[in-house]
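Asks: Here's my sequence, what's the structure:
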Amino acid sequence: MNNSTLTRKLFLRIAPVVVVTIVVIAAFAFNSATREINNIYDAQLIDDANVIWSLLRHPLEKKAPDRGAKQIDDIDFNMDNQLAFNEDADDYADAHMFRAWVDGNIRFYSSTAFLSDVPQQKVGFTTLTYGGDEWRIYSLPIPKSTIVIELGEKIALRETLVSNILLNLFFPLLVLVPVIGFLIWLGINSGLRTIHGLVRQIRTRSPDDLSAIPVEDLPRDLLPLGRSINQLLEKLGQSLTLERRFSDLAAHQLRTPQASMKLLLRMLENSDNDQERQAIISDLVASNNRTIHLIEQLLRLARVSHHPLSPKSVTLYHWVASVIAEFGNIITSRELDVVLDGDETVEVKTDESLLRMMVTNLLDNAIKYTPVGGEIRISISSEDEYGRISISDSGPGIPPHEREAVFQRFYRLNTLHKEGAGLGLAIVADTADRLSATVELSSSRSGNGLQVDLRLPLS
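Replies: Numbers count the residues shown, from 1 in each chain. Presented below is the predicted three-dimensional model:
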């Protein structure tokens with residue numbers, strides 16, 4: 001069972017996004033800081049090279065006897081006792097060097113400079129590895145001379161600076177992330193307060209309270225949810241009303257045949273001769289059959305709303321022929337002329353068991369109300385995106401003003417046939433709704449009788 005709350009789910013989705021965003025920002029900050037520091041330090045190398053050239057200009061331009069390279073202690077990047085002013089500066093003490101070249105030979109150099117085995121570097125910026133460290137070298141050629149001022153700086157100096165900057169930012173962020181997480185949690189709880197209130201309203205209601213919930217104060221995003229809940233409550237209320245009405249009507253309809261059977265049983269008990277007893281038994285059998293038929297219709301009506309749909313393709317012509325065959329005995333006994341014609345290739349996609357229930361009720365009504373020796377015509381066709389089953393009989397028909405009312409439960413026409421329960425067409429109407437089908441009643445082509453047109457979506 002999943003006990004995770006909506007607040008926790010939202011937090012677990014938002015928090016990683018925030019963390020990833022911080023990481024991405026840190027990556028951009030690292031690249032940006034590295035680029036800017038490299039630009040600044042490269043510019044500093046250029047400035048330092050020009051400063052050293054200004055300091056050593058006269059000795060380098062002076063034509064002195066070749067006495068080899070000379071270390072310059074006056075410009076020593078070790079900084080000696082100057083480090084006492086700032087103990088942290090010791091990390092950068094040996095990170096710089098310079099060499100001054102004349103005619104391809106080193107004339108002056110610092111104590112931190114490369115040995116003579118490292119050749120003069122090309123003009124501009126270069127990167128090389130010396131003594132296990134990477135160096136950034138800037139070579140400044142002096143115009144109209146063979147003098148080159150070479151200034152170097154360890155790249156680790158720049159990397160250390162970038163790392164220190166990011167570390168100084170990282171520790172505040174490390175403290176800030178839990179604070180951000182806590183604020184996100186509070187924000188989610190605050191945003192879901194309306195939903196919690198909505199849930200509380202529904203949870204605290206009694207089972208009989210199906211009134212609409214107030215949606216005026218709901219946020220715009222929750223209005224569809226609130227309205228959908230109200231629609232559901234309205235439909236549920238209508239459904240419960242119909243069920244109560246159906247239960248009352250069913251109880252009333254069942255009470256009549258039961259009272260009749262009770263009366264017949266008493267008459268049977270007090271009967272004086274066999275002829276009277278046989279007549280009473282015959283009435284008992286008929287009353288029992290009507291009761292069984294009513295119960296079957298009630299069960300079918302209940303089954304329509306709860307039956308799980310299993311749509312599949314059905315070839316209407318051959319399928320309807322098999323349904324007609326089930327009524328073979330009664331058709332023969334009543335000498336009815338039943339004709340099936342139309343398109344034998346029409347296929348619809350529907351639930352076969354519900355379709356059988358619907359067509360069986362329509363055929364049962366047609367057979368019941370068609371006089372002995374009458375005609376029933378069933379036609380199969382298709383139009384647009386629907387397959388059509390037309391059932392036409394030669395019975396008394398249904399007056400136009402009653403064709404809508406006959407789909408109501410327990411509604412019966414004022415005819416000679418009183419044995420019906422008034423549920424057949426109600427079952428047809430409910431089943432048609434489940435199958436996205438339509439049912440239309442009209443007069444038959446012959447002018448007398450009833451025609452029922454049933455339309456179902458094609459496969």
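Asks: For the rest of this, base every contact and every neighbour count on C-alpha atoms.
Replies: Noted.
Asks: can you pull out the helices in the stretch 151-300 of the chain?
Replies: For the stretch 151-300 of the chain, the helices defined by DSSP state H, counting those that start in this stretch occupy 155-191, 193-203, 223-269, 274-306.
Asks: can you put those in JSON lines and add distance to E352?
Replies: As requested, the helices of the stretch 151-300 of the chain are exported to JSON lines (distance: least, CA to CA, whole Å):
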{"stretch": "helix 155-191", "distance to E352": "49"}
{"stretch": "helix 193-203", "distance to E352": "39"}
{"stretch": "helix 223-269", "distance to E352": "25"}
{"stretch": "helix 274-306", "distance to E352": "12"}
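Asks: Could you export the ones you listed to TSV, including columns for mean pLDDT?
Replies: Shown next, in TSV, are the helices of the stretch 151-300 of the chain (pLDDT from 0 to 100):
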stretch	mean pLDDT
helix 155-191	83
helix 193-203	78
helix 223-269	75
helix 274-306	73
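Asks: what's the closest of these to R455?
Replies: Taking CA to CA, helix 274-306 is the member of these nearest to R455, at 17.9 Å.
Asks: Give me the distance between E296 and D283.
Replies: Separation of E296 from D283 (CA to CA, to the nearest Å) stands at 20 Å.
Asks: circling back to that earlier point, got the helices of the stretch 151-300 of the chain as TSV, with distance to R403 and mean neighbour count columns?
Replies: TSV is the format used below for the helices of the stretch 151-300 of the chain (distance: least, CA to CA, whole Å; neighbours: other CA atoms under 10 Å):
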stretch	distance to R403	mean neighbour count
helix 155-191	54	14
helix 193-203	41	13
helix 223-269	21	14
helix 274-306	20	16
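Asks: closest to S381 out of those helices?
Replies: Closest of these to S381 is helix 274-306, at 25.7 Å (criterion: CA to CA).
Asks: Tell me the first helix or strand C-terminal of that closest one.
Replies: Using DSSP states H and E, the next helix or strand after helix 274-306 towards the C-terminus is strand 311-315.
Asks: Tell me the strands beside that next one, with direction?
Replies: Looking at strand 311-315 with DSSP bridges, its partner strands are strand 347-351 (antiparallel).
Asks: how far does the partner strand sit from the chain's center?
Replies: In terms of CA atoms, centre = their mean, to the nearest Å, the centre of strand 347-351 is found 29 Å from the chain centre.
Asks: before we move on, what about stretch 128-144?
Replies: A distance of 61 Å separates the C-alpha centroid of stretch 128-144 from that of its chain, computed with CA atoms, centre = their mean.
Asks: do stretch 19-28 as well
Replies: Between the centre of stretch 19-28 and the centre of its chain there are 29 Å (CA atoms, centre = their mean).
Asks: and what of stretch 437-451?
Replies: With CA atoms, centre = their mean, you get 45 Å for stretch 437-451.
Asks: pLDDT on it, on average?
Replies: For stretch 437-451, mean pLDDT is 83.
Asks: Stretch 405-425 now?
Replies: Averaging pLDDT residue by residue across stretch 405-425 gives 62.
Asks: Compute the first-to-last residue distance for it.
Replies: 10 Å.
Asks: repeat for stretch 195-210
Replies: 19 Å.
Asks: And for that stretch, what's in contact with it?
Replies: With CA atoms under 8 Å, 6 or more residues apart in numbering as the test, stretch 195-210 has contacts from 213, 233-234, 236-237.
Asks: Which of the helices of the stretch 151-300 of the chain sits closest to V18?
Replies: Proximity to V18 (CA to CA) singles out helix 155-191 among these, at 8.7 Å.
Asks: Check which helices and strands that closest one sits against.
Replies: The contact analysis (3 or more CA pairs under 8 Å, 6 or more residues apart in numbering; DSSP states H and E) places helix 155-191 against helix 6-61, strand 133-141.
Asks: So which of those is the most surrounded?
Replies: With neighbours taken as mean count of other CA atoms under 10 Å, the helices and strands packed on helix 155-191 reach their highest mean count in strand 133-141, at a mean of 20.
Asks: which strands and helices sit next to it?
Replies: Here strand 133-141 touches helix 6-61, strand 124-130, strand 147-154, helix 155-191, going by 3+ CA pairs under 8 Å, 6+ apart.
Asks: one more time with 10 Å
Replies: Strand 133-141 is packed against helix 6-61, strand 96-102, strand 124-130, strand 147-154, helix 155-191, with contacts defined by 3 or more CA pairs under 10 Å, 6 or more residues apart in numbering; DSSP states H and E.
Asks: Any chance of CSV for those, columns distance to D117?
Replies: Shown next, in CSV, are these (distance: least, CA to CA, whole Å):
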stretch, distance to D117
helix 6-61, 21
strand 96-102, 13
strand 124-130, 11
strand 147-154, 15
helix 155-191, 21
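Asks: Compare those and give me the one nearest V338.
Replies: Using CA to CA, the nearest of those to V338 is helix 6-61, at 63.1 Å.
Asks: following that closest one, which helix or strand comes up?
Replies: Proceeding N to C from helix 6-61, the next assigned helix or strand is strand 70-71, under DSSP H and E.
Asks: Check which strands are paired with that next one and give the direction for each one.
Replies: strand 105-109 (parallel).
Asks: Okay, angle between the partner strand and strand 96-102 too, please.
Replies: Our comparison of strand 105-109 with strand 96-102, counting by axes from the mean of the first three to the mean of the last three CA atoms, to 10 degrees, yields an angle of 140 degrees.
Asks: now strand 105-109, how far from the chain's geometric center?
Replies: The answer for strand 105-109 is 75 Å, by CA atoms, centre = their mean.
Asks: would you say V439 is within a strand?
Replies: Yes. Inclusion of V439 in a strand is indicated when DSSP: H, G, I helix; E, B strand; the rest coil is applied.
Asks: Perfect, I'm done here.
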